[in-house]
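*Asks:* Here's a sequence, model it:
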Amino acid sequence: MDFTTFSQAAGGLALFLLAMLMMTEGLKTFGGGGLKRLLSQSTSTPLRGVGAGILVTAVVQSSSAVTVAAIGFVNAGLMNLRQALGVVFGTNIGTTMTAWLVSLVGIGFDIDAFALPIIAVGVALRLIVRNKRYQGLGEALTGFGLFFIGLGLLQQAFSGVAAGFEAEVLGGGFALHWAAALAVGFLVTTLTQSSSASIALILTAAAGGLLTLPTAAAAIIGANVGTTTTAVLAALNATAAARRLAMGHVGFNVITGCVALLILPLMLWTVDGLALFFGLVGNVAAKLALFHTVFNVLGVMLLLPFVGRLADWLETRFRSQQDELARPQHLDATLAASPELALGAVQAELQRLRAGVGAVAGAALKNERAVDKEAEAVRQLAATVTEYIAGLRAERMPRQVSDALTLCLRAARYLDEAGRMVASAQALAAASQTGPENVRALIAPVLAAAADCLAAPGAETARSLEAFEPTYQQGKGALLAAVVAQQLGAEAADTLLDDLSHLRRLVQQWVKADDMLNSPELALVPQRAGGAKLNS
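*Replies:* This is a model prediction of the structure:
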């Protein structure tokens, strides 16, 4: 391959990548929030998730973009792991649309008669129309036209290379052929972050006689596995849930690729039969597109029945202390049919939540360690308890149980609010350790009084709050006096006063939650034996 051919191939690939980017971004703009709503709302089951993944990927022409979006939805809690796995499975089928475009339209077409008018229409829409949605459509059409021009350049480059190129580059023996092709497919996809680009290269190379059908099929398998690197990179600094989804994506593509390699001769025989049936015998690129589709559909058929077990296994991976703290241990949806048992489970979970908030707040008051992630975890647990209580059918439960659950709901909200104030408590603790001498002397008594409130037994919390209040007022007054005496800057005092106010609210919410959890109304509700011990 001389420099001219190489530069033409490189330019064609670059133009193809630009076209894919324009198509993806343009179609996302044109689709507005519709595609996001489809992903987040039309995935109630893994099978529906597969359908949504196929549709959205076929529209935006980027499996990586859809996978990254699914990771974002999992991060935001809009989609659970099972739903997201279905979407990821579907993206593998949806991305085969690119191969069909290349094979049926992109190879052997008249660029001047087809692509250039599309570009003209797209540019006109982009420049003339003011509506952002239709500007996005114009960008997508422009990318669509450039897509075929890039393919045309690749075709011209590969058509000038000798047919013996495969034997020279990939070396002797079928095993070396497919192993090298597998590695090349993986590497090109990893470097370009686009399986569509690498598959377009493979199809045009095969159509130009550079690759045999088996070798090109192995390269497609490598490209399919290589596309997982995008999800892995996107999940590096993401939540544990996002890392689990990325791991599921890698597992699906690797398992599918291994199965396809093991039965490659059988799959190629099947593809030959299907090509004969559909009249595609003489079209090598179409055969490869058919192979790409068949092996991805086969992968979904093999793994979709096990998506529940896969999700359960992935849930045990990447677990941190914060994940364990945020995960409810007593709540169970099956208890909804028995209000008394549900109440027992809620009370047990609230006691666990109380202990978690107390531990996090206590560590913050001593500034022992960074507690922001732990504080977020207890707030997630509080939200889960609130959702669980809200999901119980009040009309099916005795009035006494309904009233008790109302108290539990209030306690959960108080504890959530206390968790929200933890950051201010830690900021005050840091100021008491590293701030000026006069500031430390003013803050230390308030922190000690707050710690006493958190450590007080349930029956003593109200009394400890009475002791805290004058200490708080004394500290607040001393800070204001320090400002008047010009011993403390006004801006620094404002920050300290805000943190003091938040600390006071933390203590108040803690005491209110304790009052609720120790109220006679909860103690009087009859519960069935073992209700609070379920799922512990």
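
*Asks:* Would you map the strands across the chain?
*Replies:* Assigned by DSSP state E, the chain shows no strands.

*Asks:* what pLDDT, on average, does stretch 84-95 get?
*Replies:* Mean pLDDT, computed over stretch 84-95, is 90.

*Asks:* now it, how far from the centre of its chain.
*Replies:* When C-alpha coordinates are averaged (C-alpha atoms, centre = their mean, to the nearest Å), stretch 84-95 and its chain have centres 14 Å apart.

*Asks:* likewise stretch 203-217?
*Replies:* So, by C-alpha atoms, centre = their mean, the centroid of stretch 203-217 is 36 Å from its chain's centroid.

*Asks:* mean confidence score for that stretch?
*Replies:* Stretch 203-217 comes out at a mean pLDDT of 85.

*Asks:* buried sites along it?
*Replies:* 203-212, 214-217 (16 or more other C-beta atoms under 10 Å). (Glycine included, C-beta is placed from N, CA and C.)

*Asks:* which of those are the two that sit furthest away from each other?
*Replies:* Pairwise distances across the buried residues of stretch 203-217 (C-beta to C-beta) peak at 17.4 Å, for the pair 204 and 214.

*Asks:* Provide a list of residues in contact with the spatially most central residue of the chain.
*Replies:* Residue closest to the mean C-alpha point of the chain, counted by C-alpha atoms, centre = their mean, is residue 71 at 1.9 Å. Residues in contact with residue 71, defined by C-beta atoms under 8 Å, 6 or more residues apart in numbering, are 84, 231, 234, 235, 238, 242, 245, 246.

*Asks:* Considering these, which is situated nearest to residue 343?
*Replies:* Out of the contacts of residue 71, the member with the shortest distance to residue 343 (by C-beta to C-beta) is residue 84, at 32.7 Å.

*Asks:* pretty sure the closest one contacts residue 74?
*Replies:* Yes - the pair residue 84 / residue 74 is scored as a contact, 5.0 Å apart, by C-beta atoms under 8 Å.

*Asks:* More neighbours: these two, which one.
*Replies:* residue 84 (30 against 26; other C-beta atoms under 10 Å).

*Asks:* so what's the more buried one up against?
*Replies:* 43, 49, 70, 71, 73, 74, 245, 248.

*Asks:* circling back: now tabulate the buried residues of stretch 203-217 in TSV and tack on distance to residue 507.
*Replies:* Output for the buried residues of stretch 203-217, formatted as TSV (distance: C-beta to C-beta, whole Å):
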residue	distance to residue 507
203	67
204	70
205	70
206	71
207	73
208	75
209	78
210	74
211	72
212	75
214	72
215	71
216	69
217	67
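
*Asks:* and those residues, which of them are in helices?
*Replies:* Counting by DSSP state H, the part of these found in helices is 203, 204, 205, 206, 207, 214, 215, 216, 217.

*Asks:* Export those as TSV, with columns for distance to residue 7.
*Replies:* Shown next, in TSV, are these (distance: C-beta to C-beta, whole Å):
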residue	distance to residue 7
203	21
204	16
205	17
206	22
207	21
214	30
215	25
216	24
217	28
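
*Asks:* Pull the distance from stretch 127-141 to the chain's centre.
*Replies:* Distance, centroid of stretch 127-141 to centroid of chain: 29 Å (C-alpha atoms, centre = their mean).

*Asks:* Check stretch 491-508 too.
*Replies:* 35 Å.

*Asks:* now what about that stretch, what contacts it?
*Replies:* Residues contacting stretch 491-508 (C-beta under 8 Å, 6+ apart): 361, 417-418, 421-422, 424-425, 427-428, 431, 439, 443, 446-447, 450, 453-454, 465, 468, 472, 475-476, 479-480, 482-483.

*Asks:* When you filter those down to buried only, what's left?
*Replies:* Buried among these (16+ other C-beta under 10 Å): 361, 417-418, 421-422, 424-425, 427-428, 431, 439, 443, 446-447, 450, 453-454, 465, 468, 472, 475-476, 479, 482-483.

*Asks:* related to what we said a few turns ago, from the contacts of residue 84, pick the one nearest residue 461.
*Replies:* residue 74 (38.5 Å).

*Asks:* I'd say the closest one and residue 241 touch.
*Replies:* Yes - counting by C-beta under 8 Å, residue 74 touches residue 241, with 4.8 Å between them.

*Asks:* The residue lying closest to residue 135 once chain neighbours are set aside: neighbour count?
*Replies:* Nearest residue to residue 135 in three dimensions, chain neighbours excluded: residue 126, at 5.4 Å (C-beta to C-beta, 6 or more residues apart in numbering). With neighbours defined by other C-beta under 10 Å, the count for residue 126 comes to 19.

*Asks:* Repeat that for the one 3 residues further on.
*Replies:* Neighbour count for residue 129, taken as other C-beta under 10 Å: 14.

*Asks:* what residues are up against it?
*Replies:* Residue 129 neighbours (C-beta under 8 Å, 6+ apart): 135, 138.

*Asks:* gap between residue 233 and residue 255?
*Replies:* 21 Å (C-beta to C-beta, to the nearest Å).

*Asks:* Residue 12 now?
*Replies:* 33 Å.

*Asks:* Between these two, which has more neighbouring residues?
*Replies:* Between residue 12 and residue 255, counted using other C-beta under 10 Å, the more crowded position is residue 12 (23 against 14).

*Asks:* Now for the residue nearest to the more buried one when sequence neighbours are not counted: which residues touch it?
*Replies:* Of all residues not flanking residue 12 in the chain, residue 153 sits nearest, at 3.1 Å (C-beta to C-beta, 6+ apart). Each residue near residue 153 by C-beta under 8 Å, 6+ apart is listed here: 8, 9, 11, 12, 15.

*Asks:* check contacts around the residue nearest to residue 118 when sequence neighbours are not counted.
*Replies:* Computed as C-beta to C-beta, 6+ apart, the closest residue to residue 118 that is not its neighbour in sequence is residue 145, at 3.9 Å. Under the criterion of C-beta under 8 Å, 6+ apart, the contact list for residue 145 reads 19, 115, 116, 117, 118, 119, 122.

*Asks:* make it 10 Å
*Replies:* By C-beta atoms under 10 Å, 6 or more residues apart in numbering, the contact list for residue 145 reads 19, 22-23, 111, 114-123.

*Asks:* Filter these down to just the buried residues.
*Replies:* 19, 22, 23, 115, 118, 119, 121, 122.

*Asks:* Next, format these as JSON lines and append pLDDT and distance to residue 187.
*Replies:* Below are these laid out as JSON lines (pLDDT from 0 to 100; distance: C-beta to C-beta, whole Å):
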{"residue": "19", "pLDDT": "77", "distance to residue 187": "22"}
{"residue": "22", "pLDDT": "81", "distance to residue 187": "25"}
{"residue": "23", "pLDDT": "72", "distance to residue 187": "24"}
{"residue": "115", "pLDDT": "75", "distance to residue 187": "29"}
{"residue": "118", "pLDDT": "83", "distance to residue 187": "32"}
{"residue": "119", "pLDDT": "87", "distance to residue 187": "31"}
{"residue": "121", "pLDDT": "89", "distance to residue 187": "37"}
{"residue": "122", "pLDDT": "88", "distance to residue 187": "32"}
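
*Asks:* Cool, thanks, signing off.
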